[in-house]
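>>> make a model of this:
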Amino acid sequence: MRWLFLIVLGVFFVGCQKDKDVFIPNEISIDDVQGKVADLLANVSKQEETFQWDPSQSQTLFTRKGSRLTVPANAFMRLDGETNLTGLVQITIKEVMYKGDMIRFQLPATSDGELMETFGALNISAEMNGQPLALKAGISIDWDIPTDDFGGDLNLFYGLETSVSDMEWVGATEVFSNQTPVRPVKILTSNGESLNAYKAQPQQLGWWSCSRFVATESNEEESVLAIELPALFNEQNSAVFLVFEERRIVVPLFQDEIEGDSQFSSPLVPVGEDIIVVAIAEGTQGRSFLGFETLRTERSEQTLTLPLFQRSLHTIELFLDSL
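Below is the predicted model:
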């Protein structure tokens, strides 16, 4: 499976005129890597959908990736508490169903220090006449997430913003005392097809995740993975992720302040997992870089030196779509 994955990636890399197959670190100066990786990821994450309707009516929405959302009538209010709304409400949806999407939006992979496997994540925002809206107290949106089979033990998590750029997942029942559990259901698509789905009921706008905790053998002493990038690549211009091949998990790594700018690490690495290590970086003058390599995690400290290659933004998007 991994060899097939690498062959497919090799096919779409060939023929991209802006891609360079050889990257020599000594050819890169500090002026070449002054970009911000957050800008690059923002460019490849523009996959939002918008819907408009009269908020006095209920509405059922089908996203491009297959989710169904049902919004009750008169569900919204302005942030000042005004509930008498006149006009059309506009809903904006950012949906995460695949591992490449988790990279695009840099979603956390843990809740309270425990590793999570994500079956779907969603960001919902609403506005009317240019003014942001919120859900009324006690109102929830039905979110039906299609699935091939029922893996069980899923929970709903709310994306709590801890700063302008950071977010952490917290259990929905910790935020909302009357939060209903995620449950398996049957739904009909817009074409009348019957599908298995998980039903979650977010009670607030923002980020939500339908996930489950992963039991691992990992602890800080047993399994530590460090990724070494070429010189000059750091947390400002680079992002590094561990993509689990057999699970719906993407773990973002963080710069190791002790080892230096070019090393990223995470102690939260289960033993015996097949993983694709992915690094994406943004340079100047339209340069973008990509590196990836597969490995199997071991019950010992591992260090991987990962080369980066100049790739076009289009190639990076194709790579993310392939994960």
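
>>> and the helices in the chain?
Counting by DSSP state H, the segments of the chain that form helices are 2-13, 37-44, 99-104, 172-175, 313-322.

>>> quick one: which of the ones you listed is nearest P55?
helix 172-175 (24.0 Å; Cβ to Cβ). Backbone N, C-alpha and C define where each C-beta goes, glycine included.

>>> would you mark the buried spots in that closest one?
Under the neighbour-count criterion of 16 or more other Cβ atoms under 10 Å, helix 172-175 has A172 buried.

>>> if we can go back for a sec, L229: which of the helices of the chain is closest?
So among those, helix 37-44 is nearest, using Cβ to Cβ, at 11.4 Å.

>>> correct me, but V37 touches V240?
No: proximity of V37 to V240 does not meet the contact threshold set by Cβ atoms under 8 Å, at 9.7 Å.

>>> thinking again about what came up before, buried deepest among the helices of the chain, which one?
helix 99-104 (a mean of 23; mean count of other Cβ atoms under 10 Å).

>>> what is the longest strand anywhere in the chain packed up against?
Looking across the chain with DSSP state E, the single longest strand is strand 114-128. Helices and strands touching strand 114-128, as assessed by 3 or more Cβ pairs under 8 Å, 6 or more residues apart in numbering; DSSP states H and E, comprise strand 76-78, strand 89-96, helix 99-104, strand 131-135, strand 142-146, strand 206-213.

>>> with respect to E114, which of the ones you listed lies nearest?
Per Cβ to Cβ, nearest to E114 of the helices and strands packed on strand 114-128: strand 206-213, 5.0 Å.

>>> now do the buried residues in stretch 195-210.
195, 197-210.

>>> which among those gets closest to T63?
A197 (12.4 Å).

>>> so who does that closest one touch?
Shown in contact with A197 (Cβ atoms under 8 Å, 6 or more residues apart in numbering): R68, D144, I145, P146, T147, P184, V185, K186, I187.

>>> next one, pLDDT for N234 please.
N234 carries a pLDDT score of 89 in this model.

>>> my read: it touches Q263, true?
No: taking contacts as Cβ under 8 Å, N234 lies outside contact range of Q263: 9.4 Å.

>>> before we move on, back to that, pick out the most distant pair among the contacts of A197.
Between any two of the contacts of A197 (Cβ to Cβ), the greatest distance is 14.3 Å, for R68 and P184.

>>> which of those two has more residues huddled nearby?
Neighbour count, other Cβ atoms under 10 Å: between R68 and P184, R68 has more, with 20 against 14.

>>> beta-bridge partners for that one, please?
F62, D144 (DSSP bridges).

>>> mind checking pLDDT for it?
93.

>>> rewinding a little: note down every partner strand of the longest strand of the chain and its orientation.
Paired neighbours of strand 114-128 in the sheet (DSSP bridges): strand 89-96 (antiparallel), strand 110-111 (antiparallel), strand 131-135 (antiparallel), strand 206-213 (antiparallel).

>>> ok, now which ones touch the residue positioned nearest the centre of the chain?
What sits nearest the mean C-alpha location of the chain, by Cα atoms, centre = their mean, is M102, with 2.0 Å. M102 makes contacts with V96, A109, T118, A121, F241, V250, as judged by Cβ under 8 Å, 6+ apart.

>>> give me that answer again for 6 Å
For M102, the contact set (Cβ atoms under 6 Å, 6 or more residues apart in numbering) comprises V96, V250.

>>> got any ranges where the stretch 201-323 of the chain has weak pLDDT?
By pLDDT under 70, the low-scoring segments of the stretch 201-323 of the chain are 216-223, 257-261.

>>> in contact with L323, which residues?
Contacts of L323 by Cβ under 6 Å, 6+ apart are K99, G100, V243.
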